[in-house]
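Trainee: Pasting a predicted model and its sequence here:
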Amino acid sequence: MPLEDLHRLAKRYEHYKGIASENHLHAAHVFQRDADSEYEATLYNPFICIILQGRKEVHIGQNSVSLVPNDALLVSHDLPVTAKIFEASQTAPYRSLVFALDLGLLRSLFDQVGEVIQNESSASALAATSADPSFIAPMVRYLELMDAPIDAQILGPMIVKEIHFRLLMSPIGGMLRNLLSVDSHASRIATSIKKIRGSFREPLIVAQLAEIAGMSPSSFHEHFKSVTGTTPLQYQKDLRMIEAREILMKGAPSVSAAGFEVGYESPTHFSRDYSRKFGCSPKHHLALAK
């Protein structure tokens, strides 16, 4: 079975990465955890993730997905999420295979497939479904190249392109299809996300983002939420919280200093938002670093 082969190869690949002097399979990553986690905030970049063992829940805004073995999670935009791992132990760790997506590579396929696809208004930037053999089979072939570095250099990029094509044409690939057109709402929102990420410490002016996206403020707000599942302001706030947690866990001089570094002017406001996001005060995470 392709999924059984993928799991077997993923376990081997994790070991291979630890001993190989150079890893030629740059698109793949095996994520493994041997204990359940708390709900943790993190930033997802575009990827396809196949759950191989254990269970995971992912939340963004009011949307959530629950993932079990053989499920696939597709993320088309940079998304700040909250995730929790279940059913993980040393004898049966949580394990998933993650393939990074190259949006430039996806857009390069537009000339060949653009005429046969249409925008899908109900598509989401975070979508889950049962893994499809159409994209599992090339993933198996990709990992099989781990023992053949020359083959990996020559054939690897072609298989990566096939994986992107299979995802693009799959039932889960609606938002990827929306992204193909540079003038689509999905593409415009991706541009605004890039702007927010690059200046998340600065005050958020929705009217400016809407202008960049070529939309009215109300239309921009609507399309941003339909794509990402959250509002522009909450998106920025989540980015700030994720960065602040990193700063605190690395041993910031103080809670106030961490808040100022991510753009907060009020320490009280920062502490309130942080506690709401993580369920504990920023002092708690700062104490863990010391």
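Mentor: Structure received.

Trainee: Now name the helix or strand holding the closest residue to residue 58 other than its chain neighbours.
Mentor: Counting by C-beta to C-beta, 6 or more residues apart in numbering, residue 83 is the residue found nearest to residue 58 once chain neighbours are left out, at 4.7 Å. For every residue, glycine as well, the C-beta is placed using N, CA and C. Element membership for residue 83, per DSSP states H and E: strand 79-86.

Trainee: ok, now how distant is the residue nearest to residue 58 from residue 59?
Mentor: 7 Å (C-beta to C-beta, to the nearest Å).

Trainee: could you point out which element follows the strand holding residue 83?
Mentor: strand 94-100.

Trainee: residues making contact with the helix or strand hosting residue 111?
Mentor: Taking DSSP H and E as the definition, residue 111 sits inside helix 110-113. Identification of contacts with helix 110-113 by C-beta atoms under 8 Å, 6 or more residues apart in numbering yields 165, 168, 169, 180, 181.

Trainee: go again using 10 Å as the cut-off
Mentor: 106, 117, 165, 168, 169, 177, 179, 180, 181, 182 (C-beta atoms under 10 Å, 6 or more residues apart in numbering).

Trainee: PyMOL command to pick out the buried ones of these?
Mentor: Entered in PyMOL, the line below selects the buried ones among the contacts of helix 110-113, by 16 or more other C-beta atoms under 10 Å:
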select buried, resi 106+117+165+168+169+177+179+180+181
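
Trainee: Specify which member of the contacts of helix 110-113 is nearest to residue 10.
Mentor: residue 165 (21.8 Å; C-beta to C-beta).

Trainee: just checking, that closest one touches residue 134?
Mentor: Yes. Contact criterion C-beta atoms under 10 Å: residue 165 and residue 134 qualify, at 9.5 Å.

Trainee: list the residues that contact both of these two?
Mentor: Shared contacts of residue 165 and residue 134 (C-beta under 10 Å, 6+ apart): none.

Trainee: for the stretch 51-200 of the chain, what spans make up the helices?
Mentor: Here the stretch 51-200 of the chain has its helices, by DSSP state H, counting those that start in this stretch, at 103-108, 110-113, 133-143, 149-169, 174-179, 185-198.

Trainee: right, so of the ones you listed, which gets closest to residue 96?
Mentor: Closest among the helices of the stretch 51-200 of the chain, once you apply C-beta to C-beta, is helix 133-143, at 12.0 Å.

Trainee: any low-confidence regions in this structure?
Mentor: 1, 17-23, 119, 182, 290 (pLDDT under 70).

Trainee: got the contact list for the residue sitting nearest the centre point of it?
Mentor: Against the mean C-alpha coordinate of the chain, by C-alpha atoms, centre = their mean, the closest residue is residue 44 at 2.4 Å. Applying C-beta under 10 Å, 6+ apart to residue 44 gives the contacts 58, 60, 73, 75-81, 83, 98, 125-126.

Trainee: again, only using 6 Å
Mentor: Contact analysis of residue 44 by C-beta atoms under 6 Å, 6 or more residues apart in numbering lists 75, 79, 81.

Trainee: Surely the first one and residue 47 touch.
Mentor: Pointing back at residue 75 there. Yes. Residue 75 is within contact range of residue 47, at 5.5 Å (criterion: C-beta atoms under 6 Å).

Trainee: The two - which one has more neighbours?
Mentor: Counted by other C-beta atoms under 10 Å, residue 75 and residue 47 do not tie: residue 75 has more neighbours, with 23 against 15.

Trainee: ok, what's across the strand from the residue lying closest to the more buried one once chain neighbours are set aside?
Mentor: Nearest non-adjacent residue to residue 75, counting by C-beta to C-beta, 6+ apart: residue 44, 4.7 Å away. Using DSSP bridges, the bridge partners assigned to residue 44 are residue 79.

Trainee: mind checking how far residue 44 is from residue 82?
Mentor: In terms of C-beta to C-beta, residue 44 sits 11 Å off from residue 82.
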